[in-house]
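Asks: Okay, predicted coordinates and the sequence, questions at the end:
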Amino acid sequence: MEMKSYRKDFSGLGFRMAVSAVLITAIQYAAQYIVVAVRPEWADNLDIMLAATMIPLYALGYPVAFLIIGKGGDRRPVERHTMRPGQFILAFMISYGLLIAGNIIGLIITYGISVIKGSEVGNPLMSIVTGGNIWISAIYIVLLAPVFEEFLFRKLICDRVAKYGQGTAVVVSGLMFGLFHGNFNQFFYAFFIGCFFAMIYMKTGEIKYTIGLHMIVNFIGSVLGGLLLQNVDIESPTGMMIFGIYGLCVYGIAIAGIALFFINLQKMKPEAGEITIEKGAWFKTVIGNAGMIIYGVLFLGMMIAIALL
C-alpha cells in the first residue's frame with residue numbers, strides 16, 4: 001500500500017506538470033495569434049514575436065504553473081547551507097562542462113536525424129540568438145528564465161520530492177527540466193545541468209546559487225556567443241582569431257569542468273531521504289506511473305515533431 005501511495009504521489013506531480021505545460025503552450029500560442037491578427041506584418045519581426053511568446057510565459061504561464069504545482073503534494077523545505085566563493089566557481093566550471101558535453105550529444109543526435117530525414121533539424125534557441133536583438137533576448141534568457149525555471153524545477157519540485165532522497169529529487173528535477181525544453185538540441189544539456197543544479201539545491205537549500213549559475217551559463221553560451229555570431233565575420237582573419245580564442249576558453253573551461261566533476265563525484269553522493277523506495281521498484285514508482293508517462297510522452301512527442309518537421 002505504501003509503494004502505491006508513493007507512486008500516486010509522483011503521478012500527481014507528473015500530471016500537474018503536464019497540465020501546466022499544456023496551459024503554458026496554449027497561453028503562448030494564443031498571444032502569438034492575437035498579435036498576428038492585430039498586425040499581420042509583425043509575424044516577420046522576431047523581436048516582437050519573441051515578446052509575444054515570452055511576456056505571456058513569464059507574466060501568466062509560469063505563475064499559473066507555480067499555483068498548480070505548489071498546491072499538490074507534501075513539500076518539505078531543504079536544510080540550508082552556505083556555498084563558499086571557491087565552491088561556486090567550482091560549480092560553475094562543472095556546470096559549463098556538463099552543458100558542453102550535453103550540447104555535443106544533442107548535436108550528434110540531431111545530425112543523425114538530419115541525415116535520416118534529408119534536411120537540417122532546426123534549433124529554436126539558435127534562431128533567437130542569431131536572428132533578433134541580442135540584448136532583448138538577454139532579458140528573457142539571462143534574467144527571467146533562470147529565476148522562473150529554478151523556482152519551478154528546483155525549489156518546487158525538489159521540495160516536493162526531497163523526502164524520497166536527494167538522488168530521486170535530482171533525477172526527477174533534471175529529467176523534467178530537460179524534457180520541458182521540448183527539443184533534442186537542448187534536452188541533453190538541460191538534463192545534465194538540471195541534475196547538477198538540483199544536487200546543488202539539495203546540498204545547500206538555496207536557489208540563489210543555482211539562479212546565479214544559470215544566469216552565468218546562459219550569458220556565456222547564448223548572449224556572448226550570440227554577440228560574436230552577429231557582429232564578427234568568422235571568415236575574416238580577425239574573426240577567425242576571435243572565434244578561436246572564444247572556442248579555446250569555452251572548451252578549456254568545459255574540459256576542466258568535466259575533470260572536476262569526476263574528481264568531486266564522491267562529494268556529491270546523494271543522501272537518503274526519510275522515505276526509502278524498495279530496490280527494484282524505483283523506476284516503476286518514480287517514472288513508470290500515469291502522470292509521469294503523460295508528461296514524458298507529451299514532450300517526447302513535441303521533440304520528435306520538431307525534429308522531423
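Replies: Now that the structure is in, tell me what you want to look at.

Asks: Now do the closest residue to residue 100 other than its chain neighbours against residue 93, distance only.
Replies: By the measure of Cβ to Cβ, 6 or more residues apart in numbering, the closest residue to residue 100 outside its immediate chain neighbours is residue 254, 3.7 Å from it. Placement of C-beta: from N, CA and C, glycine included. Between residue 254 and residue 93 the distance is 8 Å, computed by Cβ to Cβ, to the nearest Å.

Asks: what do you get for residue 252?
Replies: Residue 252 is 10 Å from residue 93, where distance means Cβ to Cβ.

Asks: which secondary element of the protein has the worst mean pLDDT?
Replies: Ranking every helix and strand in the chain by mean pLDDT, DSSP states H and E puts helix 124-131 at the bottom, with a mean of 66.

Asks: what ranges do the strands span in the stretch 151-300 of the chain?
Replies: With strands called from DSSP state E, counting those that start in this stretch, the stretch 151-300 of the chain shows none.

Asks: contacting residues around the residue nearest to residue 100?
Replies: Residues in contact with residue 254 (Cβ atoms under 8 Å, 6 or more residues apart in numbering) are 96, 97, 99, 100, 101.

Asks: Dump these to JSON lines, plus distance to residue 121 and secondary structure.
Replies: As requested, the contacts of residue 254 are exported to JSON lines (distance: Cβ to Cβ, whole Å; DSSP: H, G, I helix; E, B strand; the rest coil):
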{"residue": "96", "distance to residue 121": "24", "secondary structure": "helix"}
{"residue": "97", "distance to residue 121": "24", "secondary structure": "helix"}
{"residue": "99", "distance to residue 121": "19", "secondary structure": "helix"}
{"residue": "100", "distance to residue 121": "19", "secondary structure": "helix"}
{"residue": "101", "distance to residue 121": "19", "secondary structure": "helix"}
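
Asks: Looking at these, spot the one nearest residue 37.
Replies: Here the nearest of the contacts of residue 254 to residue 37, counting by Cβ to Cβ, is residue 99; it sits at 38.1 Å.

Asks: Correct me if wrong: that closest one contacts residue 193.
Replies: Yes - with contacts defined as Cβ atoms under 8 Å, residue 99 counts as touching residue 193 at a distance of 5.4 Å.

Asks: overlap in contacts of those two?
Replies: When contacts are counted by Cβ under 8 Å, 6+ apart, the set common to residue 99 and residue 193 consists of residue 217.

Asks: what about whichever strand or helix holds residue 105, average pLDDT?
Replies: In this structure, residue 105 sits in helix 85-117 according to DSSP states H and E. The predicted model gives helix 85-117 an average pLDDT of 93.

Asks: Now the longest helix belonging to the chain: buried residues?
Replies: Longest helix in the chain, counting residues (DSSP state H): helix 2-38. By neighbour count, with 16 or more other Cβ atoms under 10 Å as the criterion, the buried positions of helix 2-38 are 6-7, 9-21, 24, 27-28, 31-32, 35-36.

Asks: where in this structure is pLDDT low?
Replies: 1, 72-73, 124-131 (pLDDT under 70).

Asks: continuing past the least confident helix or strand of the chain, what's the next helix or strand?
Replies: Counting by DSSP H and E, the element after helix 124-131 in chain order, helix or strand, is helix 134-138.

Asks: what helices or strands is that following helix leaning on?
Replies: helix 46-56, helix 225-231 (3 or more Cβ pairs under 8 Å, 6 or more residues apart in numbering; DSSP states H and E).

Asks: That helix: which residues count as buried?
Replies: Applying 16+ other Cβ under 10 Å to helix 134-138 flags 134, 136, 137, 138 as buried.

Asks: What distance do you get for the third one to residue 23?
Replies: Spelled out, it's residue 137. In this structure, residue 137 lies at 24 Å from residue 23, with Cβ to Cβ as the measure.

Asks: just the first one next, same as before
Replies: Residue 134 is 30 Å from residue 23, where distance means Cβ to Cβ.

Asks: List of residues touching stretch 294-309?
Replies: 14-15, 17-18, 21-22, 110, 113, 117, 121-122, 124, 176, 179-180, 182-184, 187, 287.
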